[in-house]
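Student: got a structure for you, letters missing:
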């Protein structure tokens, strides 16, 4: 579904709702106001719901925003604000759930006409907040690498590759919007938000204030429970991500790579340094005058304008699993005909400490016992004694809950190995030494690998979680709280 199709559908539903309110219920004071209430209310309920299905995804998106804000403000006179953003990132899931529930409840308030003045101000505030986020995302396209966002004098021509956050997450993974479209969408929503502020007295009120208050209160409680269920107790019950159960990841990856290979440069965006104008020069013309445009004192190639891939490019194109030396193990999952159980932990917060340990060392003596045929000395190594030697060792301190979650998977993994399945543990952001220590801590015997944490977060929201692969297909994902016994897995999935 595209954003234009979504807006059209919401507009039709809002028009029907407006007709019901005005013609049947006789509750409208202004048909324009009732339509805008209905449209904005339904839009917020829908956009909030597709995020409520996967609140962890929104939390990851907010972490990206907070990280970029921290880096941006740290280089300015407002650097004192920088520490705020890591603090917000540490509670990103709380921020996510709060924002999602607030968005849906606000949509309900608009539909009901509950506390018109309050609803108008809350709607304006939330739209303004979204506009700042999407505006920052879009405008970073004008900021060249190495230039701070607030250094406006050094902004250049727009380049999509300059953007630090490439998707606003307005509709979760349901619809991926270009930041430019997201920003214009929020600018458009500022118009009804200001209209609400000026004309809130003409908002319709469907039912009594008391009944509306009860609906809003109950909705808030139920929505909080719904959001929490979708990451605390289970994976999202509707999966809009490319890594969904049953997806043929290997085949999709091949198709995406082919689509990317077929993309062609159709023109160049070139800046005339004398006038500052950006010219769009067709590829054939550029190649004919390549020597002319090679003069860097007169021209600057700003960007390549390419054809649109025949297939949308997803995170599947970035699917790569390696060992800790960078050796590619991706084919272990995409070309393996065997059942493969993959334990995933996108990121784990652990600490380290240096500790002194006693190790046994051996002392030998080297003694010449004779000469060889070519008169070379024959040296014999003789053991003298064993001594205890103190040496420094890195001690990895893992969160107890994380270790407990992994240990709870061990029985399934051991039985899977005994049944002939492959087993691996893929953790983002750890070293080989850390992986070795984790294996000793949990007792899980497997191939330990690593990958980009954002990729792993896209695959599964549970940390840790378990994924079953076969022939390049993602057969099934399990949240750590929903892992069934091996016998049940075997009967249902190991064919």
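Tutor: Done, it's in. None of these values were measured; they are calculated from a predicted model.
Student: CA only for contacts and neighbour counts going forward, please
Tutor: OK.
Student: show me where pLDDT drops low in the stretch 351-495 of the chain?
Tutor: 355-359, 368-369, 390-392 (pLDDT under 70).
Student: and if you look at the chain?
Tutor: If you take pLDDT under 70 as the line, the chain has these spans: 355-359, 368-369, 390-392.
Student: tell me the domain boundaries of it?
Tutor: 3-233, 264-306, 317-350+398-493, 358-392 (automatic domain parsing).
Student: just so I know, which of those lies nearest residue 240?
Tutor: domain 3-233 (5.4 Å; CA to CA).
Student: Quick one: residues contacting the residue nearest to residue 397 when sequence neighbours are not counted.
Tutor: Among residues not flanking residue 397 along the chain, residue 351 sits closest, at 5.2 Å (CA to CA, 6 or more residues apart in numbering). For residue 351, the contacting residues are 396, 397, 398, by CA atoms under 8 Å, 6 or more residues apart in numbering.
Student: I'd like the distance between the closest residue to the last one other than its chain neighbours and residue 479.
Tutor: What that stands for is residue 398. Excluding the flanking residues, the one nearest residue 398 by CA to CA, 6+ apart is residue 350, at 4.9 Å. Note on residue 350: its distance to residue 479, by CA to CA, to the nearest Å, is 21 Å.
Student: number of nearby residues for residue 423?
Tutor: Residue neighbour count, defined by other CA atoms under 10 Å, stands at 20 for residue 423.
Student: so it is in which element?
Tutor: strand 422-427 (DSSP states H and E).
Student: Centre of the chain to that strand, how far?
Tutor: With CA atoms, centre = their mean, to the nearest Å as the basis, strand 422-427 stands 21 Å off its chain's centre.
Student: residues making contact with the next helix-or-strand element following that strand?
Tutor: Next along the chain after strand 422-427, taking DSSP H and E as the criterion, comes helix 432-442. Helix 432-442 is contacted by residues 324, 396, 398, 403, 406, 407, 445, 446, 448 when judged by CA under 8 Å, 6+ apart.
Student: So which bits of helix 432-442 are buried?
Tutor: 434, 435, 437, 438, 439, 441, 442 (16 or more other CA atoms under 10 Å).
Student: quick revisit: more crowded one of residue 350 and residue 479?
Tutor: When residue 350 and residue 479 are compared on other CA under 10 Å, the one with more neighbours turns out to be residue 479, at 21 against 12.
Student: thought the more buried one was touching residue 466?
Tutor: Yes - in terms of CA atoms under 8 Å, residue 479 counts as a neighbour of residue 466; the distance is 6.8 Å.
Student: where's the helix or strand where residue 476 lies relative to the chain centroid, distance-wise?
Tutor: If you go by DSSP H and E, residue 476 is part of strand 473-479. From the chain centre to the centre of strand 473-479 is a distance of 18 Å (CA atoms, centre = their mean).
Student: need the buried residues of helix 432-442 in TSV with distance to residue 35, can you?
Tutor: Below are those laid out as TSV (distance: CA to CA, whole Å):
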residue	distance to residue 35
434	58
435	57
437	61
438	58
439	59
441	60
442	58
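Student: nearest to residue 228, of those?
Tutor: Using CA to CA, the buried residues of helix 432-442 come closest to residue 228 at residue 442, 27.5 Å.
Student: quick one: that closest one from residue 393, how far?
Tutor: For residue 442 relative to residue 393 (CA to CA), the value is 19 Å.
Student: Tell me the strands beside the host helix or strand of residue 271, with direction?
Tutor: Assigned by DSSP H and E, residue 271 belongs to strand 265-272. Strand pairing for strand 265-272, using DSSP bridges, gives strand 278-282 (antiparallel), strand 299-306 (antiparallel).
Student: Now do the buried residues in that strand.
Tutor: Buried-residue list, strand 265-272, by 16+ other CA under 10 Å: 267, 268, 269, 270, 271, 272.
Student: Point out the ones among the contacts of residue 351 that are inside strands.
Tutor: Using DSSP state E, the members of those that fall in strands are 396, 397.
Student: Now distance to residue 147 and neighbour count too, for the contacts of residue 351, in TSV please.
Tutor: Listed next are the contacts of residue 351 as TSV, based on distance: CA to CA, whole Å; neighbours: other CA atoms under 10 Å:
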residue	distance to residue 147	neighbour count
396	38	17
397	39	15
398	38	17
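Student: just the contacts of residue 351 now: which is nearest residue 55?
Tutor: Using CA to CA, the contacts of residue 351 come closest to residue 55 at residue 398, 25.5 Å.
Student: could you measure that closest one against residue 198, distance?
Tutor: Taken as CA to CA, the span from residue 398 to residue 198 is 55 Å.
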